[in-house]
Each structure stands twice: as C-alpha cells, then as structure tokens.
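**Q** Output the structure for:
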Amino acid sequence: MSDDKEYLDTTTGSDTPKEKEQKDQFEKVCFMCRRPESKAGKMIDLPNNIHICTDCMQRSFDTMNNTNINYEELMKNMPNISMIDLNSLQNQIPQRQKVKKKQEQPKEKTAQKVFDIKSIPAPHRIKASLDEYVIGQEYAKKVMSVGVYNHYKRVFADITDDVEIEKSNMLMIGPTGSGKTYMVKTLARLLDVPLAITDATSLTEAGYIGDDIESVVSKLLAAADNDVERAEHGIIFIDEIDKIAKKKNTNQRDVSGEAVQQGMLKLLEGSEVEVPVGANSKNAMVPLATVNTKNILFICGGAFPDLEEIIKERLNKTASIGFQADLKDKYDHDNKILEKVTVDDLKKFGMIPEFLGRMPIIFTLSGLDRDMLVEILKEPKNAILKQYQKLLALDEVKLEFEDGALEAIADMAMEKHTGARALRAILEEYMLDIMYEIPKDDNIGEVIITKDYITHTGGPKILLRGQEPAQIEMK
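**A** Numbers count the residues shown, from 1 in each chain. Down below sits the predicted model:
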C-alpha cells in the first residue's frame, strides 16, 4: 500500500511527505525574477510548484492591459503549451542557489535591550577595556574613548534648548602594524552597537566598476540585522583611507581618488541615502532602504606612507640659516614625527579640504619600539604567545619563552618595519619545527624557547616528564 501511495502522489503531481519536508527548508523563489521570498515578499502559488512574486504578477497585468495584442493570432503561432513541463523549468534552480529559510529564534532571545546612554560605558571604562588588548597608544585610546562616548551623548541629547551638538568624526593616522584596525575591532566587541569595518581601496565613483560609496552604509545596515533605526546609531570604520588621496597624474579622471572623497562628503556631514539591502550595488533585484547618516559616527584610519617626508620637508623649511640652523637629517630618526602633522600636510598628501573639514578629530598612533613589541608578545589577553601555549597545552605540553628570546624576536621584528604584524610571521617560522616534532614523543612535558634557538646558535630546551631540561638541536 505504501508503494501505491507513493505512486499515486507522484502521478497526481503532489509531493510525497519526504519531498514536502525538504522543500519546506528552502524559500520559495519567483519563477520570473528569481528572487527568494525573503527579498520579494509573499509569493502567489500556481499549479506545478510555480511561484510568482506580486511585483512580477502586477507587471504582467500592466503589460497585458497597456498593450494592444491580437490574442487569436498570437495563439495560432504558439506551440502546444501542454507539451511544456513548467515544473521542470521551476526546478532548474541549482541547489547551491536556493536560499535556506532562517531558523526562528525564541522571542526571549531575539528581544533587543533598550539602547540608551546608560548602555554606553564611560570613557575610563572604555579605555580600561582597550588596555587589556592594546599595548601602548595611550593618547589614541583616550581620544577614541572620549570621542565615542561624546558621540552617543550627542545622539540622545535633548535639543529643546536650541543647542545642537555637532558630530565629531575621527581620522587616525599611524604606521602600518601600529594597531589602528585592531583597536576598532576591539572597540566593536566592547560596545553593544552595530559597527561596520570596511576599506576604501575598492570604492569608486558611481557608475564605475567597484563598490559605490553608499556600500559602506549598506554594510552597517547588514551589521544591524537590517534594522534601520539601530544602523542610524552605529559606527563605520573606513580603513586604508589614505588610498583615496588625489592622484599625482591629473590627466585622467580620478574615479578612485578625489571623486570618492567628494562622494563621501554627504555621508560624513549627514544626509538621507538609499542603500541596497544585502548587496554592495543597486540593481533592480535588490530592495532599497533609506538611512540617515546624521547620527552615524565615522572613524577613518590610514598609514599615510610618505607623509613623514612631507612633515620633514615643512619642518626643514622653517629652520634658520647660520650657526643655529637645523641639520637636514635632524628628523630622520624621530619616531614621533607623525605627531607633528598638520591639516596642511594632509592637504599636500592629497586629501581635499572639504573632507578634512568634516574630520574635526585628527590623532596619530606612535610607531612601536622594542619594549612595546615584547609586551605585545606576552601581555594582552589574546597575546600571540598565549595562543601557542594553548595549542601545545592541548598536547599536554607546557611552552615557555626566555626573556632573551622575546627580545631577539622583537629585534628581528624591528628590522622588518611592519609593526606588530612581523611578530606573527617570525613566530610562525620558529614554531614550525616545534609544532611538527613535539607530537612525535609523548614523553615531552615542557619546551623552553631560548635566545640561542632564535639566533640560530642552539636549540630549545626540552623537558621530559620527570626529568631536568636538556638543550637539543632541532632539525
């Protein structure tokens, strides 16, 4: 009987219970525009598992009403429609293109807590939390903590007294590997506000290949789960902002430089923009949402290479001539040269005045010295050494580093001139053999990384379980 029931179901065109359960896991897709139900809205169900969205159905009716068609002549030239299997056409959607339905969460989990000024921690608490993850950069952490806190005081401020607080966007300048992006990512974990991190390298003027300028707001809307009200109180961090500086060659249209800066002016100032939901560019298949950027805080960061040379050139021009004249190489070894940056230096670099005028808070991050690199290796909550110690702890092996080894690693990182990023690359090189050899022997209980191992004059100390440490030579 079960086989007969299965046969009857397939011959009558209805789905078996198993097929129906599988189809219920995926969204209905419009037969004409191929948009899923979550994007196109409720579908109109037709025979043979055909689904049409209301937009396509309305356009079809409008076309039929507005077009003078001789339907008798049309039907004479049409093939036998009964020979076309519409069900097979609908099922041509590949499995990887089907949109799976979102699992419904319990109401108590989806309930969002009230967003107000009381939910934003005070500046000293924000800085204390940043101190646990970011080494040094005291001034930058203080500026960012106060700027974020004041921004949300402005958002919820009462304007009945006709005093309106202006928005304070921030521009952070620092050498590569100094912690610009890492600081903002840490801030994202601390604050219960939507935060979008994007980069300016892919942005182009509207109408050219690349992401539109409004795509940065679209990413914030996605981070807020498409809640426009939450997105309008969010933070956008635009990294690599120095890459949209004006190009030196002015013979060609600068679609990814000055044009992007001009297009961002209205976003930074505050305006209502239409952004695509769930996509980077506008097209007919993607719905649009209107977002007001008046209360969105923009934080821009960049390394600004060669900016130091512009600052040195300005400082050397101010030097006097004679016995008290400054030497040209006076600022060559100044690690704090970026702190002397001015708005005129940024204009000469290629940033337009209108853009800089909408960035009232400009601060710098200092380069990392040897002592700071040693602290970065071991002090933060998720320090690199702690990550390797956890990896070996899963093999029940203890990992230790001598102070001389850490200093040698910091010296090698200083030579690479890539900041904290160099630490990971160096450790990966030296830990490769250890991570490969240690699991071979279950008797190994502790590994001590020595300075001799880092300088290639010896090997690490291996401590067997219940024995004294012995220095061995790694292959």
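**Q** in the chain, which segments are predicted with low confidence?
**A** Low-confidence segments of the chain (pLDDT under 70): 1-25, 64, 66-117, 158-161, 249-251, 279-285, 318-335, 466-475.
**Q** That one: strands as residue ranges?
**A** In the chain, strands defined by DSSP state E lie at 43-46, 50-53, 170-173, 195-199, 235-239, 272-276, 288-292, 297-302, 361-364, 398-401, 444-449, 461-464, 470-471, listed in chain order.
**Q** of those strands, which approaches Ala140 most closely?
**A** strand 361-364 (5.7 Å; C-beta to C-beta). C-beta here means a position set from N, CA and C on the backbone, and glycine is covered the same way.
**Q** still on that earlier bit, please convert the strands of the chain to CSV, extending it with mean neighbour count and distance to Leu385.
**A** Output for those, formatted as CSV (neighbours: other C-beta atoms under 10 Å; distance: least, C-beta to C-beta, whole Å):
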stretch, mean neighbour count, distance to Leu385
strand 43-46, 14, 55
strand 50-53, 20, 55
strand 170-173, 24, 27
strand 195-199, 20, 26
strand 235-239, 23, 27
strand 272-276, 17, 42
strand 288-292, 16, 43
strand 297-302, 24, 27
strand 361-364, 18, 28
strand 398-401, 18, 6
strand 444-449, 19, 9
strand 461-464, 18, 16
strand 470-471, 12, 20
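**Q** Output those strands as a markdown table; include the columns distance to Leu346.
**A** A markdown table is the format used below for the strands of the chain (distance: least, C-beta to C-beta, whole Å):
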| stretch | distance to Leu346 |
| --- | --- |
| strand 43-46 | 53 |
| strand 50-53 | 49 |
| strand 170-173 | 8 |
| strand 195-199 | 19 |
| strand 235-239 | 15 |
| strand 272-276 | 26 |
| strand 288-292 | 28 |
| strand 297-302 | 10 |
| strand 361-364 | 8 |
| strand 398-401 | 41 |
| strand 444-449 | 43 |
| strand 461-464 | 51 |
| strand 470-471 | 53 |
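**Q** which stretch among those strands comes nearest Lys248?
**A** Distance to Lys248, taken as C-beta to C-beta, is lowest for strand 297-302 among those, at 17.3 Å.
**Q** Provide the strand pairings for the closest one, with the direction of each partner.
**A** Partners of strand 297-302 in the sheet, by DSSP bridges, are strand 170-173 (parallel), strand 235-239 (parallel).
**Q** Just the C-alphas of that strand, formatted as PDB.
**A** Once non-C-alpha atoms are left out, strand 297-302 reads as follows in PDB (Å, rounded to 0.1, in the frame of the first residue of the first chain):
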ATOM      1  CA  LEU A 297      30.000  58.100  13.700                       C
ATOM      2  CA  PHE A 298      32.700  57.700  11.000                       C
ATOM      3  CA  ILE A 299      36.200  56.700  12.000                       C
ATOM      4  CA  CYS A 300      38.800  56.700   9.300                       C
ATOM      5  CA  GLY A 301      42.300  55.200   9.500                       C
ATOM      6  CA  GLY A 302      45.300  55.000   7.300                       C
END
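**Q** Now do that strand: everything it contacts.
**A** Applying C-beta atoms under 8 Å, 6 or more residues apart in numbering, the contact partners of strand 297-302 are 144, 147-148, 151, 167-174, 180-181, 184, 200, 234-243, 267-268, 359.
**Q** repeat for stretch 255-265
**A** 200, 203-206, 208, 210, 213, 243-247, 253, 350-352, 354-355, 358.
**Q** Tell me which residues of that stretch come out buried.
**A** Going by neighbour count (16 or more other C-beta atoms under 10 Å), the buried part of stretch 255-265 is Val255, Ser256, Gly257, Glu258, Ala259, Val260, Gln261, Gln262, Gly263, Met264.
**Q** Number of residues surrounding Glu27?
**A** Residues lying near Glu27 (other C-beta atoms under 10 Å) number 19.
**Q** Could you do Val217 as well?
**A** Neighbours of Val217 (other C-beta under 10 Å): 26.
**Q** so who does it touch?
**A** Residues in contact with Val217 (C-beta under 8 Å, 6+ apart) are Ala231, Ile236, Leu267, Val273, Val275, Val291, Thr293, Ile296.
**Q** go with 6 Å
**A** Neighbour list for Val217: Val275, Val291 [criterion: C-beta atoms under 6 Å, 6 or more residues apart in numbering].
**Q** any idea how far Glu274 is from it?
**A** As for Val217, its distance to Glu274 is 10 Å (criterion: C-beta to C-beta, to the nearest Å).
**Q** repeat for Lys185
**A** From Lys185 to Glu274 the distance is 29 Å (C-beta to C-beta).
**Q** before we move on, what about Val146?
**A** 33 Å.
**Q** chain center to stretch 164-179, what's the gap?
**A** Computed by C-alpha atoms, centre = their mean, to the nearest Å, the chain-centroid distance of stretch 164-179 equals 16 Å.
**Q** repeat for stretch 301-318
**A** Between the centre of stretch 301-318 and the centre of its chain there are 28 Å (C-alpha atoms, centre = their mean).
**Q** Quick check: Ala420 touching Gly177?
**A** Yes: if you go by C-beta atoms under 6 Å, Ala420 and Gly177 touch, sitting 4.7 Å apart.
**Q** How about Ile448: what's its closest non-neighbour residue?
**A** Residue nearest to Ile448 in three dimensions, not counting chain neighbours: Lys461, with 4.0 Å by C-beta to C-beta, 6 or more residues apart in numbering.
**Q** beta partners for that neighbour?
**A** Beta-bridge partners, per DSSP bridges, of Lys461: Ile448, Gln471.
**Q** how close does it get to Gly445?
**A** For Lys461 relative to Gly445 (C-beta to C-beta), the value is 12 Å.
**Q** Repeat that for Gly263.
**A** Taking C-beta to C-beta, one finds Gly263 at 60 Å from Gly445.
**Q** Same check on Ser215?
**A** From Ser215 to Gly445 the distance is 53 Å (C-beta to C-beta).
**Q** what's the span of stretch 204-222, first residue to last?
**A** Across stretch 204-222, the terminal residues are separated by 21 Å (C-alpha to C-alpha, to the nearest Å).
**Q** for it, which positions count as buried?
**A** For stretch 204-222, burial by neighbour count (16+ other C-beta under 10 Å) applies to 204-205, 210-222.
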